[in-house]
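Q: below is the sequence, then the predicted model.
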Amino acid sequence: DVEEGEPAVVQREECVLEQGEVPEKAFVGKEDVRKAMEMKQPIIHALPRPSFEGVTDAYGRRGHIPSATCLPFPSLLNDAAHSTFATPEETAAVFAAAGYPTPPPTFTTYCGAGITATLPLFAALNILDWNDTQLSLYDGSLSEWCADPKCALEC
């Protein structure tokens, strides 16, 4: 029971997922994202396409972090209720459509506040088995990025 401090276990067919520790190095900050941009490392915008394209203005400014690609988190889920993940084949197709047909050596995800950006990380590790990829989450995400007028955005 999660509320009593016990690990959560979710079963889906032959896959068993357990709640575990997240490595500290998995979380990155604004300066790490800037370095990733300079080094041309993949950055994934995990919000829906209207956010990426600057159609919506939920964080005070419009657009996405420069050089980011769009991989909307709902595309990793397989039903209207978003209650289950897509199959490995569907997940691989989503990553390929976003420009990642094979595992990159590293990538960083972000969203609005660091929550939905965990879905591409989860999918890469647990559905696609990209265990050799250094994955990171910019947990400040657009909430932090957009609050700093020195941080560029693209539409």
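A: Now that the structure is in, tell me what you want to look at. Quick caveat: nothing in here was measured; it's all calculated off a predicted structure.
Q: where exactly do the helices run in this protein?
A: 30-38, 49-52, 88-97, 118-122, 141-147 (DSSP state H).
Q: and the first one, what's buried?
A: Which is helix 30-38. 30, 33, 36-37 (16 or more other C-beta atoms under 10 Å). Yep, even glycine has a C-beta here, placed from its N, CA and C like the rest.
Q: stretch 52-65 now?
A: Here stretch 52-65 shows 52, 59, 61-65 as buried, counting by 16+ other C-beta under 10 Å.
Q: turn those into a markdown table, including distance to residue 95 and pLDDT.
A: Formatted as a markdown table, these follow (distance: C-beta to C-beta, whole Å; pLDDT from 0 to 100):
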| residue | distance to residue 95 | pLDDT |
| --- | --- | --- |
| 52 | 16 | 97 |
| 59 | 25 | 92 |
| 61 | 27 | 94 |
| 62 | 26 | 95 |
| 63 | 23 | 96 |
| 64 | 18 | 97 |
| 65 | 19 | 98 |
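Q: need those residues in a markdown table with distance to residue 125, can you?
A: Listed next are the buried residues of stretch 52-65 as a markdown table, based on distance: C-beta to C-beta, whole Å:
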| residue | distance to residue 125 |
| --- | --- |
| 52 | 23 |
| 59 | 27 |
| 61 | 31 |
| 62 | 31 |
| 63 | 28 |
| 64 | 23 |
| 65 | 22 |
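Q: which one of the residues you listed is nearest residue 143?
A: Closest approach between the buried residues of stretch 52-65 and residue 143, by C-beta to C-beta: residue 59, at 5.9 Å.
Q: that closest one contacts residue 146, correct?
A: Yes - using C-beta atoms under 8 Å, residue 59 is in contact with residue 146, at 4.1 Å.
Q: against residue 89, how distant is the most centrally placed residue in the chain?
A: Centroid check for the chain by C-alpha atoms, centre = their mean gives residue 117 as the closest residue, at 3.1 Å. Separation of residue 117 from residue 89 (C-beta to C-beta, to the nearest Å): 23 Å.
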